[in-house]
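Student: here is my input; please provide its structure:
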Amino acid sequence: MTTETVLPLIGLVLYIMGWLVIARSLLSWFPNARGNALADIVYQITDPILLPLQRIVPRIGIIDISPMIATILLFVIAAALGAPGF
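Tutor: A predicted model of the protein is given here:
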């Protein structure tokens, strides 16, 4: 595999991760979703990105903006790598 195929593939994975972070943000509005198997998978996939970022980025009152920052960063990096979604 060359960099012409690997970089867009990594970009695609980051693009999908960005959408999973958005899904996790939407799931946080539904407290009963935490016990769902699909929701647990989304949390397990996005925890390595969001938990360190939540320690760095302070909350604004009760609002956690770390998912927004993570989504923007993931989409920007994915676009820079040439993800097929962009």
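
Student: I'd like to know how many residues surround Gln54.
Tutor: 17 (other C-beta atoms under 10 Å). C-betas here are computed from N, CA, C, even on glycine.

Student: state the pLDDT value of it.
Tutor: pLDDT, Gln54: 93.

Student: next: Ala33.
Tutor: In this model, Ala33 is scored at 82, pLDDT.

Student: next one: Phe86
Tutor: Reported pLDDT for Phe86: 62.

Student: likewise Gly82?
Tutor: pLDDT for Gly82: 84.

Student: and the helices in the chain?
Tutor: Here the chain has its helices, by DSSP state H, at 3-27, 37-56, 66-80.

Student: list the buried residues in the first one.
Tutor: Right, helix 3-27. Using 16 or more other C-beta atoms under 10 Å as the test for burial, helix 3-27 gives 8, 10-12, 14-15, 17-18, 20-25, 27.

Student: how about the shortest one?
Tutor: Applying a neighbour-count criterion of 16+ other C-beta under 10 Å, one finds 66-67, 69-71, 74-75, 77-78 buried in helix 66-80.

Student: ok, back up a step: now, among the buried residues of helix 3-27, which is nearest to Ile56?
Tutor: Closest approach between those and Ile56, by C-beta to C-beta: Val21, at 15.4 Å.

Student: which residues touch that closest one?
Tutor: Taking C-beta atoms under 8 Å, 6 or more residues apart in numbering, we find Val21 in contact with 46, 49-50, 67, 70-71, 74.

Student: among these, which one sits closest to Pro84?
Tutor: Among the contacts of Val21, and counting by C-beta to C-beta, the member closest to Pro84 is Leu74, at 14.8 Å.
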